[in-house]
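*Asks:* coordinates only, sequence not included:
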């Protein structure tokens, strides 16, 4: 593999890692703040991809902001608003019942939720594989090293993910809301005693987690296309990311997601036979050295 | 008298299953045998979850390993002894369970759940992506394991009635074994770990070795279930190790009632019954294709309304009746 090929693999690794981070950050936030193990988190990613597929012809074609084709952003915005509302309602109707229950029951109920969402998806959209077009103004490719090119959309995707990661960091570390979320995660009762509405906080964190997964799904749809069962792989890899990074740690999830992305991208090149397995080997190695993950903080 | 009442359901169902072959057709027998194998699988997880307090979401891997080991033993068309293949299947599952236990028992709670899941995915991808056993398509068994008496084959275990007898026998054997185990010193130690691990450690128990032993044993029994499944189906595929399978078996034991062996078996039966019920077009017409929706909603309702599972239902009803009587008095 030459220098240019290596560069392309690096870009792929970063892009996949950042996408995984979007999904995993929501998962780890919900773990950290509410102590809920949510198997259905991958389904939110699937919902996002299907939203991108369903909304594109409705909104994507009609919205024009100035000279810029705003349809893509309008689709994202509508999708995000819908997902926040969906997450808020789901927390209120379903997940708030899970907090006081054992992990075992949480696993079970969220497993059941996967079945329900999967079947609803099948009823509403059917079981076909669909492609989602890349927006026209992002459809090109940039030349790399003369002979090879790299799609603009993938670069754009990485950029958006990086911006979201930065925003998340600032939100959690620099704002009052972020402080309240961190306080709630480290001591629920104390936070409540200080007069913060922990239930509202939970609802916001959960809605935010859903929105992150949906955003990841919407962004990924043009690259990966939209198909039944697309939630499984992402869910398990996000779990691996959360375990490697340390449950509850967003910073850990970021590092771990990039690591997993790199292992996956380079594994596919160097060990095509063992590509699926490598990620889990890395996880086992991390657990051997640091059983609580890389960035577990108290 | 109370003891008699307690074991009455077990005796009754035994008699029931004993006379079933007299009037059931091959389809019903196959469905029942499938349920028996699932019940063995559920019992193996119950040893971990209910008896030891370790929630594993990767138990399917051990069933898959048992099945694939059986397929490897029976690759060619010359049949091998039932016992030999069975032991190989359990050994293969146990051999993987040992390092997985050693690694995953370093962590607890949510970490344990996710780490066991990841190690099961490892197995899934090994079978799915490599050519060890024909990748994602799965592979066929060249022959069925043979049960012979004095050199002559006794019967063909892939046929409905013999397999029914064999799987029921194994189910009873596993159940009795686990019931005796729970009453043994080892079983009491596991119960102690479940209730308060720190106290057990303070009392001088090497709790980690007990947990590893329970994990390996559970893996081996899951391998046994995998062996039975592979023998009957005649083929194996990576889906056995998928996390859907591991999730489904957790659903069974929780739905049936965690903490009691009868719960695992009841859960397996309820699982198959509900699936067949919701899939039945005679009852639900076109909605039968959407059975997962009803199934998922039933699980959610079950967990919410029956915290002790189906086997806790009689107790719950009795308590409700008593409270009502008190109100009226």
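*Replies:* Here it is on my side, so go on. For clarity, every value in this text was computed on a predicted model and none was experimentally measured.

*Asks:* shouldn't residue A:161 be within a strand?
*Replies:* No - inclusion of residue A:161 in a strand is not indicated when DSSP: H, G, I helix; E, B strand; the rest coil is applied; the result is helix.

*Asks:* looks like it contacts residue A:23 (just checking).
*Replies:* No - assessed by C-beta atoms under 8 Å, residue A:161 is found out of contact with residue A:23, at 10.4 Å. Bear in mind the C-beta positions are built from the backbone N, C-alpha and C, glycine included.

*Asks:* check the gap between the residue in the stretch 101-250 of chain A that chain B sits nearest to and residue B:244 for me.
*Replies:* Using C-beta to the nearest C-beta, residue A:115 is the residue of the stretch 101-250 of chain A that sits closest to chain B, at 3.4 Å. Counting by C-beta to C-beta, to the nearest Å, the gap from residue A:115 to residue B:244 is 9 Å.

*Asks:* so for those two, which residue has more residues nearby?
*Replies:* Neighbour comparison, residue A:115 and residue B:244: the larger count goes to residue A:115, with 25 against 15 (by other C-beta atoms under 10 Å in any protein chain shown).

*Asks:* wait, what's in contact with the more buried one?
*Replies:* Under the criterion of C-beta atoms under 8 Å, 6 or more residues apart in numbering or on different chains, the contact partners of residue A:115 comprise B:292-293, B:295-296, B:299.

*Asks:* now do residue A:161
*Replies:* Applying C-beta under 8 Å, 6+ apart, one finds that residue A:161 lies in contact with A:15, A:18-19, A:21-22, A:216, A:219.

*Asks:* now the buried members of these.
*Replies:* Neighbour counting with 16 or more other C-beta atoms under 10 Å in any protein chain shown marks A:15, A:18-19, A:21-22, A:216, A:219 as buried within the contacts of residue A:161.

*Asks:* from the residues you listed, pick the one nearest chain B.
*Replies:* In terms of C-beta to the nearest C-beta, no member of the buried ones among the contacts of residue A:161 lies closer to chain B than residue A:21, at 17.0 Å.

*Asks:* part of a strand, is the closest one?
*Replies:* No - Residue A:21 sits outside any strand when classified using three-state DSSP, being helix.

*Asks:* which residues of chain B fall in strands?
*Replies:* B:139-140, B:146-149, B:152-156, B:235-236 (DSSP state E).

*Asks:* now do the buried residues in the second one.
*Replies:* Read that as strand B:146-149. Buried residues in strand B:146-149, defined by neighbour count with 16+ other C-beta under 10 Å: B:146-147.

*Asks:* residue numbers of the stretch 101-250 of chain A in contact with chain B?
*Replies:* Counting by C-beta under 8 Å from any C-beta of the partner chain, the positions of the stretch 101-250 of chain A adjacent to chain B are A:103-105, A:107-109, A:111-116, A:118-120, A:122-123, A:232, A:236, A:239-240, A:242-243, A:247.

*Asks:* narrow those residues to those in helices?
*Replies:* Counting by DSSP state H, the members of those that fall within helices are A:103-105, A:107-109, A:111-116, A:118-120, A:122-123, A:232, A:236, A:239-240, A:242-243.

*Asks:* contacting residues around the nearest residue to residue A:125 once chain neighbours are set aside?
*Replies:* Closest residue to residue A:125 in three dimensions, ignoring its sequence neighbours and counting by C-beta to C-beta, 6 or more residues apart in numbering or on different chains: residue A:50, at 5.7 Å. By C-beta under 8 Å, 6+ apart, the residues touching residue A:50 are A:121, A:125, A:217, A:226.

*Asks:* got a quick PyMOL command for the buried subset of the residues you listed?
*Replies:* Here is the PyMOL command that selects only those of these that count as buried (16+ other C-beta under 10 Å):
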select buried, chain A and resi 121+217+226
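
*Asks:* isn't residue A:241 up against residue A:256?
*Replies:* Yes - at 4.6 Å, residue A:241 and residue A:256 qualify as touching, with contact defined as C-beta under 8 Å.

*Asks:* between those two, what contacts are shared?
*Replies:* Among the neighbours of residue A:241, those also in contact with residue A:256 (C-beta under 8 Å, 6+ apart) are residue A:24.

*Asks:* mind listing the helices for the stretch 51-200 of chain A?
*Replies:* With DSSP state H, counting those that start in this stretch, the ranges of helices along the stretch 51-200 of chain A come out as A:71-93, A:103-125, A:152-174, A:176-186, A:188-193, A:198-224.

*Asks:* what's the answer for the stretch 101-250 of chain B, then?
*Replies:* Taking DSSP H, counting those that start in this stretch, the helices of the stretch 101-250 of chain B run over residues B:110-129, B:160-183, B:185-195, B:197-202, B:207-233, B:243-256.

*Asks:* can you give me the buried ones in the shortest one?
*Replies:* Spelled out, it's helix B:197-202. Result for helix B:197-202 [16+ other C-beta under 10 Å]: buried residues B:197, B:200.

*Asks:* what does the stretch 1-150 of chain B put close to chain A?
*Replies:* Within the stretch 1-150 of chain B, the positions near chain A by C-beta under 8 Å from any C-beta are B:49, B:55, B:57, B:103-104, B:106-107, B:109-111, B:113-115, B:117-119, B:121-122, B:125-126, B:128-131.

*Asks:* ok, now with 10 Å
*Replies:* Along the stretch 1-150 of chain B, the residues adjacent to chain A under the rule C-beta under 10 Å from any C-beta of the partner chain are B:49-50, B:53, B:55, B:57, B:99-100, B:102-115, B:117-126, B:128-132.

*Asks:* can I get the buried ones among those as something I can paste into PyMOL?
*Replies:* Buried residues within the residues of the stretch 1-150 of chain B next to chain A, by 16+ other C-beta under 10 Å, are selected in PyMOL with:
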select buried, chain B and resi 49+50+53+55+57+100+103+104+105+106+107+108+110+111+112+113+114+115+117+118+119+120+121+122+123+124+125+126+128+129
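
*Asks:* poorly predicted segments of the chain, please.
*Replies:* The chain I'm using is chain A. Counting by pLDDT under 70, the low-confidence segments of chain A come to A:1, A:60-70, A:296-298.

*Asks:* think we crossed wires, I meant chain B
*Replies:* Applying pLDDT under 70 to chain B picks out residues B:1-6, B:149-152, B:329.

*Asks:* residue closest to the middle of it?
*Replies:* Taking C-alpha atoms, centre = their mean as the criterion, residue B:41 is the residue nearest the geometric centre of chain B, at 1.6 Å.

*Asks:* what's near enough to touch that one?
*Replies:* When contacts are counted by C-beta atoms under 10 Å, 6 or more residues apart in numbering or on different chains, residue B:41 touches B:59-60, B:62-63, B:66, B:174, B:221-226, B:228-229, B:245, B:248-249, B:252-253, B:264, B:268.

*Asks:* surely residue B:199 touches residue B:205?
*Replies:* Yes - applying C-beta atoms under 10 Å as the test, residue B:199 and residue B:205 come out as touching, 9.2 Å apart.

*Asks:* who touches both of the two?
*Replies:* With contacts taken as C-beta under 10 Å, 6+ apart, residue B:199 and residue B:205 have B:192-193 as neighbours in common.

*Asks:* contacting residues for the residue of the stretch 201-329 of chain B found nearest chain A?
*Replies:* Scanning the stretch 201-329 of chain B for proximity to chain A using C-beta to the nearest C-beta identifies residue B:296 as nearest, at 3.4 Å. The neighbours of residue B:296, taking C-beta under 10 Å, 6+ apart as the test, are A:109, A:111-120, B:251.

*Asks:* which residues touch residue A:25?
*Replies:* Neighbouring residues of residue A:25 by C-beta under 10 Å, 6+ apart: A:164-165, A:168-169, A:172, A:208-209, A:212-213, A:216, A:238, A:241-242, A:245, A:249-251, A:253-254, A:257.

*Asks:* buried only: go through these for me.
*Replies:* Burial by neighbour count, 16+ other C-beta under 10 Å: within those this picks out A:164-165, A:168, A:172, A:208-209, A:212-213, A:216, A:238, A:241-242, A:245, A:249-251, A:253-254, A:257.
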